[in-house]
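A.B. asks: sequence first, predicted model second:
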Amino acid sequence: MIKPQGLFFILKIRFFQFLFRFFLYLYDGGISFKYDDFEVDIMMISYMKSIFLDDDFDVFDVSDISILADEYEGNVYHLKRVLTAMILFEEGYFRFDHDPDSENGRVHPLNHFDFFYSNSSTFKIGSHVMPSHKFVLEMIGYKNEKKYLEK
């Protein structure tokens with residue numbers, strides 16, 4: 001099993017890590033994609049995609065989820081759990097940013113780490129230098145020695 005640690009993206013001047021709520025299981029015959037204790041198969045993914053692309057679907061109306069899910073040919077309970085999680089779960093992220101367009105002294109440092117937990121809970125830590133890719137990857141690795149903030 002691969003831990004749901006996050007998805008990590010490296011761009012030239014930004015690094016992003018997003019929480020990944022699903023589990024991937026690797027085995028000889030391929031990959032299994034799970035949410036909680038049940039498999040998310042191609043039929044479920046395809047059905048969820050059609051729901052989200054439906055112009056009549058109101059993401060804020062729970063009855064819409066129930067009505068649309070009742071038409072699903074697979075396990076309706078599992079579909080509702082995944083749909084609800086995808087709609088209600090607010091993605092947190094960790095990011096390093098080199099942001100000359102928004103730079104504003106110590107309020108919005110040129111180089112900074114962003115920690116975003118929700119729209120109401122976010123903060124920045126400034127950095128005097130732009131760290132290397134290796135530094136950031138070592139910093140977020142759960143088995144690596146941890147970095148310290150130093151003055």
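C.D. replies: Ah, there it is.

A.B. asks: what's around residue 7, how many residues?
C.D. replies: Look at residue 7: counted by other Cβ atoms under 10 Å, it has 12 neighbours. Backbone N, C-alpha and C define where each C-beta goes, glycine included.

A.B. asks: dump the residue contacts of it.
C.D. replies: Residue 7 is in contact with 17, 18, 20, counting by Cβ atoms under 8 Å, 6 or more residues apart in numbering.

A.B. asks: and which of the residues you listed is nearest to residue 93?
C.D. replies: residue 18 (4.9 Å; Cβ to Cβ).

A.B. asks: helices of the chain, start to end?
C.D. replies: With helices called from DSSP state H, the chain shows them at 42-53, 62-70, 76-88, 133-140.

A.B. asks: and the strands in the chain?
C.D. replies: 7-10, 14-18, 23-27, 30-35, 38-39, 93-98, 111-118, 121-127 (DSSP state E).

A.B. asks: in a markdown table: these, plus distance to residue 70 and mean pLDDT.
C.D. replies: Formatted as a markdown table, the strands of the chain follow (distance: least, Cβ to Cβ, whole Å; pLDDT from 0 to 100):
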| stretch | distance to residue 70 | mean pLDDT |
| --- | --- | --- |
| strand 7-10 | 32 | 76 |
| strand 14-18 | 31 | 79 |
| strand 23-27 | 27 | 81 |
| strand 30-35 | 20 | 85 |
| strand 38-39 | 18 | 90 |
| strand 93-98 | 34 | 86 |
| strand 111-118 | 31 | 85 |
| strand 121-127 | 36 | 87 |
